[in-house]
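Q: only the shape, not the letters, is given here:
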């Protein structure tokens with residue numbers, strides 16, 4: 001089981017409190033209300049393309065993904081896919097708030113760092129324009145999401161979303 005807390009709490013007491021002292025915390029739903037659920041992911045060139053006789057070079061990046069319950073299919077930002085030199089494998093019409101547009105599909109490997117969640121190998125994903133800014137290896141100061149996790153992945157997991165504590169428990 002993987003646990004992801006959208007805002008970690010660390011308590012330090014100085015001086016140390018006596019053993020048996022009860023501490024009460026009042027967690028808040030504000031992080032989930034303001035930002036939704038976001039998870040670090042590692043996107044890589046699909047395993048199928050890294051095999052002989054003409055292997056593609058490994059391209060990988062760790063970014064922030066956003067859970068999108070309104071998306072039927074997981075989608076990568078088109079500029080991020082281009083940055084990673086991922087090969088398009090077809091086109092799909094994508095319905096957005098601005099209308100229906102044709103976007104390429106890609107095949108990627110998807111890992112979930114610092115969790116026990118099983119990675120997805122050779123996962124076909126859609127794409128869309130998320131206006132993603134390539135990070136400088138600083139996931140704390142991201143300006144947008146590079147991947148939307150859709151219901152195709154969420155349907156494979158048991159997800160417990162505890163709004164009042166802003167915590168999510170995921171098991172596959």
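A: Thanks, I have the structure now. The shown structure was predicted, so the numbers you read here are calculated from the model rather than taken from an experiment. Numbering: from 1, shown residues only.

Q: could you find the closest non-adjacent residue to residue 129?
A: Using Cβ to Cβ, 6 or more residues apart in numbering and skipping the chain neighbours, the partner closest in space to residue 129 is residue 78 (5.7 Å). C-beta coordinates here come from the backbone N, C-alpha and C atoms, glycine included.

Q: got the confidence number for that neighbour?
A: Listed pLDDT for residue 78 reads 93.

Q: where does it fall, phi/psi-wise?
A: With angles defined as degrees, to the nearest 10, residue 78 sits at phi -60, psi -40.

Q: ditto for residue 157
A: phi -120, psi 160.

Q: next one: it from residue 29, what distance?
A: Distance, residue 157 to residue 29, by Cβ to Cβ, to the nearest Å: 21 Å.

Q: neighbour count: the two, which is higher?
A: Neighbours per residue (other Cβ atoms under 10 Å) separate residue 157 from residue 29, with residue 157 holding more: 15 against 12.

Q: please look at that one and residue 171 and confirm they touch.
A: Yes - using Cβ atoms under 8 Å, residue 157 is in contact with residue 171, at 6.7 Å.

Q: follow-up on the earlier one: give me the distance between the residue nearest to residue 129 and residue 131.
A: Here the criterion is Cβ to Cβ. By it, residue 78 lies 10 Å from residue 131.
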